[in-house]
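> With the input below, show me the fold.
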Amino acid sequence: VQLVESGGGPVQAGGSLRLSCAASGYTYSSNCMGWFRQAPGKEREGVATIDSEDITSYSDSVKGRFTISRDNAKNTLYLQMNNLKPEDTAMYYCATTRRRCGLGASDFDYWGQGTQVTVS
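Purely as a prediction, here's the structure:
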């Protein structure tokens, strides 16, 4: 299983970014996919998840600003982030699991290397 994130970078507050996660090595469409983030000195937190039926869940801190989506034909996961705030600054990780599809990091089995988002 390989997950490769891209799309991070610096952005001004109020701006937008779209993260992508290219997946390979497993049956992508069958798995739950999620985005997590970790800021320095903080625990990794769930941002958004999407299951095999495209049912989504979001953390309260991003609800209404972020949108998770998946393209099964391209084996790619996306996170559209709008109205970014300085507190969104973190390393963002893509992850996958065939277990429970929630916002808990411990339920996810495979992880990408992350992409940095910095909001100023």
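> what residues are up against the residue nearest the centre of the chain?
Central residue check for the chain by Cα atoms, centre = their mean: the C-alpha nearest the mean position is that of residue 35, 2.0 Å away. Listed by Cβ atoms under 8 Å, 6 or more residues apart in numbering, the contact partners of residue 35 are 19, 21, 46-49, 66, 68, 77, 79, 92-95. C-betas here are computed from N, CA, C, even on glycine.
> Just the closest of these to residue 39, please.
Within the set of the contacts of residue 35, residue 92 lies nearest residue 39; the separation is 10.3 Å, counting by Cβ to Cβ.
> Leaving out the residues flanking it, which one is nearest to the closest one?
The spatially closest residue to residue 92, leaving aside those adjacent along the chain, is residue 37, at 4.8 Å (Cβ to Cβ, 6 or more residues apart in numbering).
> so which helix or strand takes in the one you found?
Of the helices and strands defined by DSSP states H and E, residue 37 is found in strand 32-38.
> Note down every partner strand of the following helix or strand past that strand and its orientation.
Using DSSP H and E, the next helix or strand after strand 32-38 towards the C-terminus is strand 45-50. Partner strands for strand 45-50, per DSSP bridges, with pairing direction: strand 32-38 (antiparallel), strand 56-58 (antiparallel).
> Those strands: which one's closest to residue 114?
Evaluated over these, closeness to residue 114 peaks at strand 32-38, with 7.9 Å, by Cβ to Cβ.
> what is the mean pLDDT for the closest one?
The average of the pLDDT scores along strand 32-38 is 97.
> Can you list the buried residues in that strand?
Neighbour counts over strand 32-38 (16 or more other Cβ atoms under 10 Å) mark 32-37 as buried.
> Redo the strands paired with strand 45-50 as CSV? Include distance to residue 101.
Listed next are those as CSV, based on distance: least, Cβ to Cβ, whole Å:
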stretch, distance to residue 101
strand 32-38, 3
strand 56-58, 8
